[in-house]
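Asks: sequence unavailable; structure follows:
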């Protein structure tokens, strides 16, 4: 053979050998992809139950459009698109699911009755009427409506036209019609060129009596982190008339000085008779969220080596012994329904009702501000969750859909996430070694989490519903985001703390109101309290000595008034919802205990006229009889009618019997926030988590988690994986997780 040919063949052979070795080495160094178990049986069963859970599902795009089309054709008025509607127009403000009556829902769920009619709740603003009004309709049946019923007077005590929420169109119209362009040069000279154009922040309530619609708008520097760059300029706009030509500026604040209108300020400023200001920033990017440290290494990641152990079919979730339905109200946010453990319903509804922040300050935009966030739309304010940050990368993400202050249904992509999480702390454990061969027993606290995040203005609220394998449910909120700030003035720090040159972070409270409609083995429930009582007893073996012995003091409360616990009062340590007709093996009433996790600050004094709009804050806990006429403790209208609120929670408590009744727990949780240096750039979630826990109390004969597959037992005499699957984790978890490509920020119109 020719030498050249021989060398060529040898060269090709060597290249092939090197290539094969490289492929083999790379293949061995990369773990095989994780294998996902077949969920066929679970999914088949869930598909059969789909109709029951869809009763609580939000309206889909077709249903929303059908309701709008029906109203356009049947209200006998001209409806203007929300994006163009002025207060003098007729327009549809919101369409969402009308929840069925509870009796109808239970008849369908538990007794095989007919499914409740699927209906919508529609909020229509009639501005082009002799007597402008806001009307709510029930529209149905869906998906092809044939009727609409005015339910306004049945739902609310009263409803003033100016109680309606501020729309984005109304806000833009205010900004463009009241002459704010006249102060641009003044603001540029005072606060710098990077101010332009300033952003204007809303404040509420809008006045001092029912019918007022006067709003102080405070100005902020036009930065991404604008909440941390306040300017000393605020303007009071009267927009109470539905004729925009009658809107006018009532007052102006500049650098601590008040003027009757913008023209007066500009004239006096140009004459030099105004105390001017020249703002300086020591660090204009002090509140930026951009990274200040170069990325180096990835932190821990969570993945499921054998795929998810939970299942999601539309709005139906199943996780071992748990299953429930969920929805996402544009006004109230994430809500759970028909929560069952081991096929028994323990909670009919679990939801956030309202969020409130009361601010303090010496500027008009803050000194009377009491935000009620359902007015702005807690669900509408939800946003896309970021994989690997807001939720584990491998979580299941769910889109939501709403029609609130918009012409078309708006899709919020990936706005709910569902995932299983190892909390990296045992649910329970014990190491035995006292005069015996050592052994170890424990249970991993793997939990299912359902999460959404709402960004309402400056604050981000992280909502978590957490399900443990021992029958415990946690409902938690963790606020983060930016503090609300004001421009420095003399004495301003008594209402907060200095955060930067010319910037004060203002004191405020956070209050959250929750609804827990519990059904303990049916709807005939009672409310029991237990506490400690110390008894002075003689010592049997030494009668001349006495000792204080803690004992249990129990009581069944009879009326709503007894079960309304005022804020600041001592709360019994055990708050139990029990079924008096059902006892466990040991003779105790089967029930669930409520534990409130809160640091409630003082609320607004009751003699304040606007306190009525947040009367639920009077109570740490109130237990009432369930009524369809008392579904919600607040409304989207309370913000603008706090003096005569359409929903007045205090009226829910009217001394009705709560023994052997269908009961609802209304829980208030909150904390005080006095901003501090570490709130820059923004506030952290750590230490700010509040909410409540529902946990079985004699509901079972023993801890139901003894049947969990996540139990661990280590016996040195019998090593292996049978009782200790963690010993074989290195084999199972050596696979490579299949993380989908990172995406964020797709178009949300649907």
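Replies: Received it, and whenever you're ready, just let me know what you need. Just so it is clear, the model here is predicted, and its values are computed rather than measured. Numbering: from 1, shown residues only.

Asks: ok, residue 54 to residue 567 distance?
Replies: In this view, residue 54 and residue 567 are 39 Å apart by C-beta to C-beta, to the nearest Å. In this view, the C-beta of every residue, glycine as well, is placed from N, C-alpha and C.

Asks: wait, what's in contact with residue 575?
Replies: With contacts taken as C-beta atoms under 8 Å, 6 or more residues apart in numbering, residue 575 has the following neighbours: 527, 529, 593-596, 621, 665.

Asks: if you set the cut-off to 10 Å instead, what comes out?
Replies: Residues touching residue 575, when contacts are defined by C-beta atoms under 10 Å, 6 or more residues apart in numbering, comprise 527-530, 557, 563, 565, 592-596, 620-621, 623, 665, 667, 692, 697.

Asks: buried ones in the helix or strand hosting residue 454?
Replies: When elements are assigned from DSSP states H and E, residue 454 belongs to strand 439-456. Buried residues in strand 439-456, counted by 16 or more other C-beta atoms under 10 Å: 441-454, 456.

Asks: identify, from those residues, the entry nearest to residue 44.
Replies: Sorting the buried residues of strand 439-456 by how near they are to residue 44, with C-beta to C-beta, puts residue 448 at the top with 20.6 Å.

Asks: ok, that closest one to residue 71 distance?
Replies: With distances defined as C-beta to C-beta, the gap from residue 448 to residue 71 amounts to 39 Å.

Asks: what stretches of the stretch 101-250 of the chain score poorly on pLDDT?
Replies: 193 (pLDDT under 70).

Asks: would you map the strands across it?
Replies: Assigned by DSSP state E, counting those that start in this stretch, the stretch 101-250 of the chain shows strands spanning 119-126, 133-140, 147-150, 199-201, 214-220, 230-238, 248-254.

Asks: now the angle from the fifth one to strand 230-238?
Replies: With axes from the mean of the first three to the mean of the last three C-alpha atoms, to 10 degrees defining the directions, strand 214-220 sits at 160 degrees from strand 230-238.

Asks: please compute how far the one helix or strand residue 51 maps to lies from its chain's middle.
Replies: Element membership of residue 51 [criterion: DSSP H and E] is helix 50-54. When distances are taken as C-alpha atoms, centre = their mean, to the nearest Å, helix 50-54 is centred 24 Å away from the chain's centroid.

Asks: quick check: buried residues in it?
Replies: Taking 16+ other C-beta under 10 Å as the neighbour-count basis, helix 50-54 is seen to contain the buried residues 53-54.

Asks: and the angle for whatever helix or strand comes next after it with strand 133-140?
Replies: Using DSSP H and E, the helix or strand that follows helix 50-54 in sequence is helix 61-74. Calculated by the same axes, to 10 degrees, helix 61-74 forms an angle of 120 degrees with strand 133-140.

Asks: re the thing from before, of the contacts of residue 575, buried ones?
Replies: The buried subset of the contacts of residue 575 (16+ other C-beta under 10 Å) comprises 527-530, 557, 563, 565, 592-594, 596, 620-621, 623, 665, 667, 692, 697.

Asks: so which of those residues sit within strands?
Replies: When DSSP state E defines the strands, the subset of these inside them is 527-530, 557, 565, 592-594, 596, 620-621, 623, 665, 667, 692, 697.

Asks: with mean neighbour count as extra columns, can I get the strands of the stretch 101-250 of the chain in JSON lines?
Replies: Compiled in JSON lines, those are given as follows (neighbours: other C-beta atoms under 10 Å):
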{"stretch": "strand 119-126", "mean neighbour count": "23"}
{"stretch": "strand 133-140", "mean neighbour count": "20"}
{"stretch": "strand 147-150", "mean neighbour count": "14"}
{"stretch": "strand 199-201", "mean neighbour count": "19"}
{"stretch": "strand 214-220", "mean neighbour count": "23"}
{"stretch": "strand 230-238", "mean neighbour count": "23"}
{"stretch": "strand 248-254", "mean neighbour count": "19"}
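
Asks: OK, contacts around residue 519?
Replies: With the criterion set at C-beta under 10 Å, 6+ apart, residue 519 makes contact with 102, 106, 110, 338-340, 344-349, 525, 577, 579, 592, 626, 662-663.

Asks: next step: these restricted to helices.
Replies: Secondary structure assignment (DSSP state H) places 102, 106, 110 from these within helices.

Asks: surely the first one is in contact with residue 662?
Replies: Yes. Taking C-beta atoms under 10 Å as the contact criterion, residue 102 and residue 662 are neighbours in contact, 7.6 Å apart.

Asks: right, and residue 37 touches residue 309 too?
Replies: Yes. With contact taken as C-beta under 10 Å, residue 37 and residue 309 are classed as touching, separated by 8.3 Å.

Asks: list the buried residues for stretch 485-496?
Replies: 485-489, 492, 495-496.

Asks: mind checking how far residue 532 is from residue 556?
Replies: Between residue 532 and residue 556 the distance is 18 Å, computed by C-beta to C-beta.

Asks: which of those two has more residues huddled nearby?
Replies: Taking neighbours as other C-beta atoms under 10 Å, residue 532 and residue 556 compare with residue 556 leading, 16 against 11.

Asks: where's that one relative to residue 519, distance?
Replies: From residue 556 over to residue 519 the distance is 18 Å, taken as C-beta to C-beta.

Asks: please look at residue 496 and residue 676 and confirm they touch.
Replies: Yes. With contacts defined as C-beta under 10 Å, residue 496 counts as touching residue 676 at a distance of 9.3 Å.

Asks: poorly predicted segments of the stretch 501-650 of the chain, please.
Replies: For the stretch 501-650 of the chain (pLDDT under 70), the answer is none.

Asks: switch the cut-off to 90
Replies: Low-confidence segments of the stretch 501-650 of the chain, defined by pLDDT under 90, are located at 501-502, 543, 568, 600.

Asks: how about the strands of it, start to end?
Replies: With strands called from DSSP E, counting those that start in this stretch, the stretch 501-650 of the chain shows them at 503-506, 508-518, 526-539, 542-557, 564-566, 574-583, 589-597, 619-625.

Asks: closest one to residue 333 among these?
Replies: Taking C-beta to C-beta as the criterion, strand 508-518 is the member of those that comes nearest to residue 333, at 10.9 Å.

Asks: quickly note the distance from the residue lying closest to residue 691 once chain neighbours are set aside to residue 515.
Replies: Once flanking residues are discounted, residue 691 sits nearest to residue 476: 4.0 Å by C-beta to C-beta, 6 or more residues apart in numbering. In this structure, residue 476 and residue 515 are 15 Å apart, going by C-beta to C-beta.
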